[in-house]
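Visitor: With the sequence up front, the predicted model follows.
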Amino acid sequence: MTKLIIIATGLAATGKSTHLKALTKTMPNSVYMDKDDINAELGQKFDAASEYYRTVIAPQTYQIMIARAKESLSSNDIVILDGYFGNKLTASTVNELFLMSGVNVAVIYFHSSAAKQQLRLATRNDPRDNDKIGDKYLPYRCSHLSDHVRELAQVPHLFINTEEDSSLEQNIVSINDYATQCISAKTQLSHKIIQRKITEEEAQISAEDFQILLKQYEQYARFIKTHEDADKFPFWSAPKDALISAPSSHSIAGPCGPGYGF
């Protein structure tokens, strides 16, 4: 029987844990793993802004989580990982999951508008969010969304709009459907770094518009991969230096002409 690993991605306070805990209840023989629980085991639950956390605790946390996920597949059919995987999906440690024999991987991306995220951050008033509030908020959001666009453009995923709290039940249905039908992404990863800096204006667009932006960059990643595969036919390919960096704005025309804009 094919096993399943569900990887959650998304910013803080976008509903990842709320959705995944509810999802676990609908999936027999599944196990839920939370990055914050492992942080607590390592003695660094809240100080996510510290250098020690970034260089020591965070890498250890994800290494432990992935090791436990692999071990858990021997006794569980489904492993659900709750963490900040938005900048790690093509990293070698995470990529090991995509390459496992007999295991499918479903990536779920949770997203809400800046206004909704700020409201949720204020409501939960958690010390671990001190690096995401006030003047730090927009730089934080822009930086992380830039990472998300880069990674998610290369990895098949399901986009979940968490703007409305009332959509939880329907979102769980959508995730279950996607998990049931998902095809392992192990042969679909592009591994092509696409640098894309999200502007403050883009960071504050609606969840629906951000989903459109993300889809456009998925097309861009496929465009790059297709042309790399066709490099043995030079007259089919754009110059290498034209393919390395994504356009600076999704509003301009893409390589297929006006209207395709990335």
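Guide: Everything's here; your move.
Visitor: Which stretches in the stretch 101-250 of the chain count as helices?
Guide: With helices called from DSSP state H, counting those that start in this stretch, the stretch 101-250 of the chain shows them at 114-124, 137-152, 168-181, 200-203, 207-229.
Visitor: What is the first one packed up against?
Guide: Read it as helix 114-124. When contacts are defined as 3 or more CB pairs under 8 Å, 6 or more residues apart in numbering; DSSP states H and E, helix 114-124 packs onto helix 137-152. Every C-beta, even on glycine, is put in place using the N, C-alpha and C of the backbone.
Visitor: Let me know the average pLDDT across the helix it packs on.
Guide: Averaged over helix 137-152, pLDDT sits at 96.
Visitor: picking that back up, which among the helices of the stretch 101-250 of the chain is found nearest to Asn87?
Guide: helix 137-152 (3.6 Å; CB to CB).
Visitor: Could you give the separation of the closest one from the chain centroid?
Guide: Put simply, helix 137-152 sits 10 Å off its chain's centre (CA atoms, centre = their mean, to the nearest Å).
Visitor: so where's the stretch 1-150 of the chain uncertain?
Guide: Within the stretch 1-150 of the chain, the stretches with pLDDT under 70 are 44-46.
Visitor: In it, mark out all the strands, start to finish.
Guide: Shown for the stretch 1-150 of the chain, the strands assigned by DSSP state E, counting those that start in this stretch span residues 3-10, 30-34, 78-82, 103-111.
Visitor: Tabulate the ones you listed in JSON lines, adding columns for distance to Glu96 and mean neighbour count.
Guide: Formatted as JSON lines, the strands of the stretch 1-150 of the chain follow (distance: least, CB to CB, whole Å; neighbours: other CB atoms under 10 Å):
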{"stretch": "strand 3-10", "distance to Glu96": "11", "mean neighbour count": "24"}
{"stretch": "strand 30-34", "distance to Glu96": "16", "mean neighbour count": "18"}
{"stretch": "strand 78-82", "distance to Glu96": "13", "mean neighbour count": "24"}
{"stretch": "strand 103-111", "distance to Glu96": "10", "mean neighbour count": "24"}
